[in-house]
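>>> my questions are about this predicted structure, shown below with the sequence.
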2 protein chains.
Amino acid sequence: MRILHNHPEVQNALSKSNFLDIFTFDAEAYVKLIHFDADDEITKEGEVPEYLFYLVSGQAKLFITLPNGKRTLIDFFNAPCFIGEMELLAVHTHSRSVQALVPCVCLALSLDGCREQLLSDARFLRTLSTYLGNKNMRNVASLAETKTYPLPNRLASFILLAAPNGHYREMHGNAAEYLGVTYRHLLYVLADFVKKGYLGKSSSGYTILNKEALIKLTQAMHTGLSVSSLFANMDTKE
Amino acid sequence: MRILHNHPEVQNALSKSNFLDIFTFDAEAYVKLIHFDADDEITKEGEVPEYLFYLVSGQAKLFITLPNGKRTLIDFFNAPCFIGEMELLAVHTHSRSVQALVPCVCLALSLDGCREQLLSDARFLRTLSTYLGNKNMRNVASLAETKTYPLPNRLASFILLAAPNGHYREMHGNAAEYLGVTYRHLLYVLADFVKKGYLGKSSSGYTILNKEALIKLTQAMHTGLSVSSLFANMDTKE
DNA sequence: CACCTCGTGTGAGATATCTCATATACAGTA
DNA sequence: TACTGTATATGAGATATCTCACACGAGGTG
């Protein structure tokens, strides 16, 4: 993790993203630019995050830990999106942690300085509401889809999402839980993908050999229901 | 549908619900109280709703119509909650319609008069963000659960939700779609419930005979994950 | 009335998915 | 070293769920 403050690169990110336009007040003084390496934790479990993050580029995954102690993969985040907005709103139902899937660049607003300003800023809150509304809509729509389709389709979609650079290496336990199926069954279908030549096993996971086939399986789920992605991101500007 | 304006009953609802406290501006002038009968449409498909609703008492269900023309049951709303907030935010992904499941009482803010005030009111937007955040959290948490459990558990939960006064009469097609299973399979499990004495068939649907059993099946899903309900409502105040 | 659509209801066979049992490998630790 | 936990891996049999094919009744419409 690398934090940049008062740095030309920060200016660069700000001007590219129009991030400051989200706020009525002048947020620039509170802004830092943070680089995360793959696998870094952007927000750690149990800790109230120091920042409100705005993912400028990269991809991250969300985990929650259930009361029984199990850490479960819940969702993916794609730039551009907020991270830490739930905690800012004190919607703190479970411990959440967000982990970078690939190197990530975040604009980060120091909450110490401006939590109250954020929570009183109508322009920001309106953007946030719209963001959450869209996220919700996507969840709901994808829920309808997801429930209906068998594992091969969903797994294909999952692999495409979770495999940066064509290299898939999620732990089977997590993947199974995320996909809502048994470990055993996931293994069956993975093995089937290998047999069909979609995937190849490599030292630390699986490598995508036939991306087309996976895309085809994924798209079979999206026909008829215009949901661009199974997962929440923020590409629908208000 | 019965609309009350400038009426003692409006005052009564306002004072009981603290609805006006959600806003910075004086919203009272825009408030009406609307009664819906069971099966009335609170928001109609394709129409941008005239009001932002706040469900004071009652229960409603949300439908969306998919591009293929099918109307699908998506979610339930329990008082207290907002209705029409998505449309206010212009999150208009699909045609949504909300239908009263039992007689419902709504406070309704006339959008004509105060749309801009709402979208500029930090206090309201903060409440709304928190509401949407909670809704999202519930969706996500329930998603994890829902996917994991077989139909009997989910159906039990569904029946309890969808059966006001112990009388269940959703159309099987809708129910099947909502539950993400086949019409055929739903019928199997319904028949099984009847055989086990949980339900009895009556003229226009099914009657709950053994509520305890259904509750037990529902609760089996909630152990280990502290989600009070599968569905979005607003009982978690910020 | 004949005809259509739609919701209900049923049966039989195919698939998807789960449960349980078991084996191996690796990392931590007493 | 032995012990423990965790992830990977595979097999066999049990369930849950799907697909397809069909029958019946109610409501609308020519």
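On my side now, so go ahead.
>>> distance of the residue in chain A that DNA strand D sits nearest to from residue A:184?
Closest residue of chain A to DNA strand D, CB to the nearest atom of the strand: residue A:172 (3.2 Å). Just so you know, the C-beta spots here come from the backbone N, C-alpha and C atoms, and that holds for glycine as well. Residue A:172 is 10 Å from residue A:184, where distance means CB to CB, to the nearest Å.
>>> the two: which is more packed in?
Ranked by neighbour count (other CB atoms under 10 Å in any protein chain shown), residue A:172 and residue A:184 place residue A:172 first, with 13 against 9.
>>> in chain A, where is pLDDT below threshold?
A:66-70, A:92-95, A:144-147, A:222-238 (pLDDT under 70).
>>> all strands for it, in order.
Remark: strands assigned in chain A by DSSP state E are A:2-4, A:31-36, A:41-43, A:51-57, A:59-65, A:71-78, A:81-83, A:95-100, A:104-110, A:167-168, A:199-202, A:205-208.
>>> how about the third one: buried residues?
If I follow you right, that is strand A:41-43. Across strand A:41-43, burial judged by 16 or more other CB atoms under 10 Å in any protein chain shown covers A:42-43.
>>> contact partners of it?
A:36, A:49, A:53, A:60, A:83-84, A:87, A:96-100, A:104, A:106 (CB atoms under 8 Å, 6 or more residues apart in numbering or on different chains).
>>> highest neighbour count among those?
With neighbours defined as other CB under 10 Å, the most crowded of these is residue A:106; it has 28 neighbours.
>>> so who does the nearest residue to that one once chain neighbours are set aside touch?
Leaving aside its sequence neighbours, residue A:106 sits nearest to residue A:53 (CB to CB, 6 or more residues apart in numbering or on different chains; 4.4 Å). With contact set as CB under 8 Å, 6+ apart, residue A:53 has these partners: A:34, A:42-43, A:82-84, A:106-109.
>>> run the last query once more with 10 Å
Residue A:53 is in contact with A:32, A:34, A:36, A:42-43, A:60, A:77, A:81-85, A:98, A:104, A:106-109, counting by CB atoms under 10 Å, 6 or more residues apart in numbering or on different chains.
>>> same question for residue A:212.
residue A:198.
>>> against DNA strand C, how distant is it?
20 Å (CB to the nearest atom of the strand, to the nearest Å).
>>> do the same with residue A:113
Distance of residue A:113 to DNA strand C, given as CB to the nearest atom of the strand: 39 Å.
>>> how many residues are close by that residue?
Neighbour count of residue A:113, defined by other CB under 10 Å: 12.
>>> check the one 5 residues further on too.
By the criterion of other CB under 10 Å, residue A:118 has 24 neighbours.
>>> which one is it nearest to, not counting chain neighbours?
With sequence-adjacent residues excluded and distances taken as CB to CB, 6+ apart, residue A:118 is closest to residue A:124, at 5.8 Å.
>>> start and end of stretch A:85-97, how far apart?
Its first and final residues considered, stretch A:85-97 spans 12 Å by CA to CA, to the nearest Å.
>>> does DNA strand D have contacts with stretch A:58-78?
No. Applying CB under 7 Å from any atom of the strand, one finds stretch A:58-78 out of contact with DNA strand D, separated by at least 8.5 Å.
>>> again with stretch A:89-105
No. Figure legend: stretch A:89-105 not in contact with DNA strand D (CB under 7 Å from any atom of the strand); closest approach 14.5 Å.
>>> tell me the gap between that stretch and the middle of its chain.
Computed by CA atoms, centre = their mean, to the nearest Å, the chain-centroid distance of stretch A:89-105 equals 8 Å.
>>> and that stretch, end to end?
23 Å.
>>> thought residue A:3 was touching residue A:33?
Yes. Using CB atoms under 10 Å, residue A:3 is in contact with residue A:33, at 7.6 Å.
>>> can you tell me if the longest helix belonging to chain A touches DNA strand C.
The helix that spans the most residues within chain A, counting by DSSP state H, is helix A:122-148. No. Using CB under 7 Å from any atom of the strand, helix A:122-148 never reaches DNA strand C; the gap is at least 9.8 Å.
>>> that helix vs strand B:95-100, what angle?
Using axes from the mean of the first three to the mean of the last three CA atoms, to 10 degrees, the direction of helix A:122-148 lies 80 degrees away from that of strand B:95-100.
>>> tell me the angle helix A:122-148 makes with strand B:71-78.
Calculated by the same axes, to 10 degrees, helix A:122-148 forms an angle of 120 degrees with strand B:71-78.
>>> give me the distance between helix A:122-148 and the centre of its chain.
How far helix A:122-148 lies from its chain's middle: 13 Å, per CA atoms, centre = their mean.
>>> list the buried residues of that helix.
Of the residues in helix A:122-148, A:122-147 count as buried by neighbour count, 16+ other CB under 10 Å.
>>> and for the nearest residue to residue A:181 once chain neighbours are set aside, the neighbour number?
With CB to CB, 6+ apart as the criterion, residue A:181 has its nearest non-adjacent residue at 5.5 Å, and that residue is residue A:151. Neighbourhood size, residue A:151 [other CB under 10 Å]: 19.
>>> next, work out how far apart residue A:151 and residue B:100 are.
When residue A:151 is compared with residue B:100 (using CB to CB), they lie 37 Å apart.
>>> coming back round to it: near DNA strand D, from the buried residues of helix A:122-148?
Okay, of those, nothing touches DNA strand D (CB under 7 Å from any atom of the strand).
>>> how about the residue nearest to residue A:181, what does it touch?
If you count contacts by CB under 10 Å, 6+ apart, then residue A:151 has A:158, A:176, A:179-182, A:185-186, A:188-190, A:192 around it.
>>> one more: residue A:8?
If a contact means CB under 10 Å, 6+ apart, then residue A:8 has no contacts.
>>> what angle do the longest helix of chain A and strand B:59-65 make?
Counting by the same axes, to 10 degrees, helix A:122-148 lies at 80 degrees to strand B:59-65.
>>> hmm, residue A:156 is touching residue A:217, no?
Yes. Counting by CB under 10 Å, residue A:217 is a contact partner of residue A:156 at 3.6 Å.
>>> between those two, which is the more surrounded one?
Shown here are residue A:156 and residue A:217; by other CB under 10 Å, residue A:156 has more neighbours (25 against 21).
>>> around DNA strand C, which positions in chain A sit nearby?
Counting by CB under 7 Å from any atom of the strand, chain A comes close to DNA strand C at A:150-152, A:180-182, A:184-185, A:188-189.
>>> among these, name the buried ones.
Among the residues of chain A next to DNA strand C, those classed as buried by 16+ other CB under 10 Å are A:151-152, A:180-181, A:189.
>>> determine which two of those residues are furthest apart.
Spanning the widest gap among these are A:152 and A:180, at 13.8 Å by CB to CB.
>>> domain ranges for chain A?
A:2-128, A:148-222 (automatic domain parsing).
>>> center of chain A - which residue?
Nearest to the centroid of the C-alpha atoms of chain A, with distances taken as CA atoms, centre = their mean, sits residue A:77, at 1.5 Å.
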